[in-house]
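> please work out how this folds:
(chains A and B)
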There are 2 protein chains.
Amino acid sequence: MSFYLKAKRLDLSTGGQPIIVLINEFEATDRGLRAGDLVQFCWRDICIYAEVDVTSTLIETGFLGIYSDIWEPYDIPNDEYVTIHITGKTDSIEFIKKKLRGEELDFQEMKAIYQDIADKRLSEIETTYFAATTFNPGFNRTETIHATRAMAETGDILDFGKLVVDKHSIGGIPSKGITPVLVPIIASFGLIIPNTSTRAISSPAGTSDILETLMPVSLNVEKMKEVVAQTGACMIWGGALRLAPADDILIHVERPLNFESYTKMMISIIAKKIATGVTHMVLDMPVGPGTKVHDITKVPYLVDEFVRLGAEFGIKIQVYDRIPKGPDGNGVGPVLEARDLLYILNRHPDAPKKLEDEALKMAGKLLELVEVAPAGKGKEMARQKLESGVAKDKFWEIAKAQGAEREIRPEDLVPGDYRFELMANKSGIITFIDSHEVVEIARHVGCPLIKRAGMYFHKDVGDEVKRGDIFATVYATSDERIDVAKEMYEANPEALIKIE
Amino acid sequence: MSFYLKAKRLDLSTGGQPIIVLINEFEATDRGLRAGDLVQFCWRDICIYAEVDVTSTLIETGFLGIYSDIWEPYDIPNDEYVTIHITGKTDSIEFIKKKLRGEELDFQEMKAIYQDIADKRLSEIETTYFAATTFNPGFNRTETIHATRAMAETGDILDFGKLVVDKHSIGGIPSKGITPVLVPIIASFGLIIPNTSTRAISSPAGTSDILETLMPVSLNVEKMKEVVAQTGACMIWGGALRLAPADDILIHVERPLNFESYTKMMISIIAKKIATGVTHMVLDMPVGPGTKVHDITKVPYLVDEFVRLGAEFGIKIQVYDRIPKGPDGNGVGPVLEARDLLYILNRHPDAPKKLEDEALKMAGKLLELVEVAPAGKGKEMARQKLESGVAKDKFWEIAKAQGAEREIRPEDLVPGDYRFELMANKSGIITFIDSHEVVEIARHVGCPLIKRAGMYFHKDVGDEVKRGDIFATVYATSDERIDVAKEMYEANPEALIKIE
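Predicted coordinates for the structure are as follows:
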């Protein structure tokens, strides 16, 4: 059943998900629609699935209220006719039920589900049921392969050549400066590295949030190809592309729990790499307390599964598993993390040693994986690119290709004006900095939305401190937020830092 | 972190779930809130959890936009100050993750989850993850007992005496007239039967929707107690009470898939019965094609599990499993189903034989279960109450105690003016009427919202028809809806009815 309504732009946003259209209550009843029902609405050649909300006065009969999450990107004008299709349930609902019952899904069934997720044809609740099936007992290996292929095929699959490399982190710990240091090093060896990253999901800053303080990151696929053709690399936000788009929607339903199954983690990472045509990859896997892989006994299993799944799609994976005892860099938050990486590229004395070392180790492993470096020599070869300034030049070459207008110096990056200094409450050696606590404090001062907010660690794990020493500073853009951070820290200082 | 805003009533409704508050975009950024975040807002002694949506013009800074789903029932006025608490995640999130990982939950953990669901402290997505864990591998027996107790304890637990009986159906087939016929029969034996029912979730009419065409059903708990004290029975809508309220929210997340796990089915049914203090119950379990239990090999297992779970809480359950071959009554839809049950009570020649017979069988089993009837004599004793008119009088006694102003005759109930007659496309015996198709057609003509819409079967399974015979009539309140039903039926007549 279809009918026509006139579009009415609403100044309302859900943040992108769920997609809502607003309809007059009388019209809804008349059409047999109830709040929460799914409809498809079409304007010209654009068709979008949306959930119905109802109103009795905000929208007159004959009109369809459209949220800004939709009318803005598609530029739908007021008073244009849109068609509403009252849709039946899609087949993929039956496949989700089948999986919930514990039955195995074949490729066509997986494909139908992922395609419907990508097309926003499944509601938030329906998508969540499917996301839940990736947990215990989860997918078997065959299903995981089907799901990975299905997810990759929901979007574009790019081809940058025969040998395409990348570095990826399973994430989970704050301070994401490793990739922006590694990419220009690798590219300066003439290797192709089309890196895409995310904005913060649950962290104080995603790699894209950090890079965005220095250069445009929201490129479309044509511009991405241009940048890679010109410089051999890119460092962009994946969200503006259509690479495994089902993943972006699944991420949305994972956010409230901040919890992803291992299976889902593998599927998303490999699907995104299939989409950019990657052939060799170093996978950074922080494990142990405070990371996504708490239980280190799971590491051999996970490493093996990642390598197997990659191999199915012709991707050679070198897993780099490590047990971090705190954030990799000193800065936490978009501006402070960007400053850290510029300190490294500029060979500044404040360069965070640990982050630099990890970036060089991973770059080295990638060089050895593609046999550009002999075994055991990769890290040293990577270091030369950094010390010679070649990496810095390459970084700005890529940044400018992406649209950066000028080189930014670390001194140009200034954190928030409101500060609070964290003092050691006893003397000893710092043995652990808890990533979860760091994230909590940083998000309470406004990260990632407030780019100048964050934390800076003056002392790292292994350093000696005396009672009363300042080991970190919290930055914010208002006094009120500083108070919140202070309160959080003072309630339980040992939660953030262990001094022994 | 807390702050104050002024309430602004919005003419917007999501239909009850999710609960949304609307906040100015600038204010949201300033407070570190993003669309989709959970906050708690309090007005006087009422505190409600809600998800944040953002706007830049509909709500000024300093104001909180409240949906009508909230300001109407709680009568929150404009411009009153409300407090917003930015809440951390609740502990129950960790327990949901634990269950997703495949670990067992104890009673305290189950209790925390169900209490947070009842308090609307979990978002739709979080609640859905939990609902998904009731599927494969699901809950073990101990967890199921914990979950049942936890769900019952989220609301009031009533005490109507030492011997309290009830009849319940697991549902799944249209035509819900059995309960309203059975309740007055049972009550006329002096037994206590405090029946609560639901409005339609996925059917053309819930028992409450049918009863509402004849009497008020939305009673509070005080009024319910009064009616039961006075008449020994009630036939009310459970949704206005606080009986296992977590269930009503879980039902909302099950609706999009129209799919409930067996475990969840048992937990909800038993929890609701614990809440009304039931000691003996007949459980109607339609099984086979078109029902909730498609796979009849599962029946012995389900019967056993239901009886065991009931016994844990002192509820003696007699399961009545049966394989229906079509709807129980002739009418489908609120008004047409109400007319069916009045035909039965009034001993009218058009009384649907099968529905009457099933109601008497179940009433008989219940009488035998509590030893009011000797074994094998229950049905006959029930029939006497019906034939003597005692059941009819009891029905209207209960209805009037609930607030009905007058007795309604079946002739007073008139279906929609727009009609479409369904004709047999061949001659033979009707062997099956598909419940799913019946539901589809009935919902497309507007059931349950349009009370006069629905279907009426002139012929039943087992009847002989000639090609061209009218076997059913579809009723609607507009021509357009009749066209939709016609189109649906004509696309595939064999989907609705099998003639052999």
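> how many neighbours does residue A:116 have?
Residues near residue A:116, counting by other C-beta atoms under 10 Å in any protein chain shown, number 23. Every C-beta, even on glycine, is put in place using the N, C-alpha and C of the backbone.
> quick one: it from residue B:175, how far?
When distance is defined by C-beta to C-beta, to the nearest Å, residue A:116 is 33 Å away from residue B:175.
> do residue A:320 as well
63 Å.
> what's the answer for residue A:68, then?
From residue A:68 to residue B:175 the distance is 45 Å (C-beta to C-beta).
> same thing with residue A:424?
Taken as C-beta to C-beta, the span from residue A:424 to residue B:175 is 73 Å.
> now the lengthiest helix in chain A: buried residues?
Longest helix in chain A, counting residues (DSSP state H): helix A:353-369. For helix A:353-369, burial by neighbour count (16 or more other C-beta atoms under 10 Å in any protein chain shown) applies to A:354-356, A:358-369.
> compare residue A:68 and residue B:175 (neighbour count), which wins?
residue B:175 (31 against 18).
> now that that one has come up, it's in contact with residue B:333, right?
No. The pair residue B:175 / residue B:333 is not scored as a contact, 9.4 Å apart, by C-beta atoms under 8 Å.
> write out the residues of the stretch 301-450 of chain A neighbouring chain B.
Neighbours of chain B within the stretch 301-450 of chain A, by C-beta under 8 Å from any C-beta of the partner chain: A:443-446, A:449-450.
> looking at the residues you listed, which are in helices?
A:443-444.
> pLDDT score assigned to residue A:300?
Listed pLDDT for residue A:300 reads 95.
> next helix or strand past the helix or strand harbouring it?
Secondary structure from DSSP states H and E places residue A:300 in helix A:299-312. Later in the chain than helix A:299-312, the nearest helix or strand by DSSP H and E is strand A:316-322.
> which other residues reach that next one?
A:279-287, A:299, A:302-303, A:306-307, A:310-311, A:358, A:361-362, A:365-366, A:369 (C-beta atoms under 8 Å, 6 or more residues apart in numbering or on different chains).
> from those residues, which would you call buried?
Neighbour counting with 16+ other C-beta under 10 Å marks A:279-287, A:299, A:302-303, A:306, A:310, A:358, A:361-362, A:365-366, A:369 as buried within the contacts of strand A:316-322.
> enumerate the residues of the stretch 101-250 of chain A near chain B.
A:101-102, A:123-126, A:128-129, A:131-133, A:135-137.
> same thing but 6 Å
Neighbours of chain B within the stretch 101-250 of chain A, by C-beta under 6 Å from any C-beta of the partner chain: A:101-102, A:123, A:125-126, A:128-129, A:132, A:135-136.
> which stretches of chain A have low pLDDT?
Residue ranges of chain A with pLDDT under 70: A:1, A:88-89.
> nearest residue to the middle of it?
residue A:198 (2.9 Å; C-alpha atoms, centre = their mean).
> residue A:177 versus the residue lying closest to it once chain neighbours are set aside, what's the distance?
Among residues not flanking residue A:198 along the chain, residue A:206 sits closest, at 4.7 Å (C-beta to C-beta, 6 or more residues apart in numbering or on different chains). Shown here: residue A:206 relative to residue A:177, a distance of 12 Å by C-beta to C-beta.
> check which helices and strands the strand ranked longest in chain A sits against.
Ordering each strand of chain A by length in residues (DSSP state E) puts strand A:46-55 first. In terms of contacts (3 or more C-beta pairs under 6 Å, 6 or more residues apart in numbering or on different chains; DSSP states H and E), strand A:46-55 is packed against strand A:20-24, strand A:38-43.
> most tightly surrounded among those?
strand A:20-24 (a mean of 23; mean count of other C-beta atoms under 10 Å in any protein chain shown).
> starting at the chain centroid, how far to the next helix or strand after that one?
Where DSSP H and E defines the elements, the next helix or strand beyond strand A:20-24 is helix A:25-31. Centre-to-centre, helix A:25-31 and its host chain are 40 Å apart (C-alpha atoms, centre = their mean, to the nearest Å).
> ok, residues contacting helix A:25-31?
Identification of contacts with helix A:25-31 by C-beta atoms under 6 Å, 6 or more residues apart in numbering or on different chains yields A:54, A:56, A:61, B:449.
> how about a cut-off of 10 Å?
A:1, A:3, A:5, A:22-24, A:33-35, A:37, A:39, A:52-57, A:59-64, A:84, A:86, B:11, B:13, B:15, B:68, B:446, B:449-450, B:477-478, B:480-481 (C-beta atoms under 10 Å, 6 or more residues apart in numbering or on different chains).
> which positions within it qualify as buried?
A:25, A:27-28, A:30-31.
> ok, stretch A:3-20 next?
A:5, A:7-10, A:12-15, A:17-20.
> same check, this time on stretch A:154-166
Buried-residue list, stretch A:154-166, by 16+ other C-beta under 10 Å: A:154-155, A:158, A:160, A:164-166.
> now the end-to-end length of that stretch.
Its start and end residues considered, stretch A:154-166 measures 21 Å (C-alpha to C-alpha, to the nearest Å).
> quick one: stretch A:61-81 to chain centroid distance?
The answer for stretch A:61-81 is 29 Å, by C-alpha atoms, centre = their mean.
> with that, I have no additional questions.
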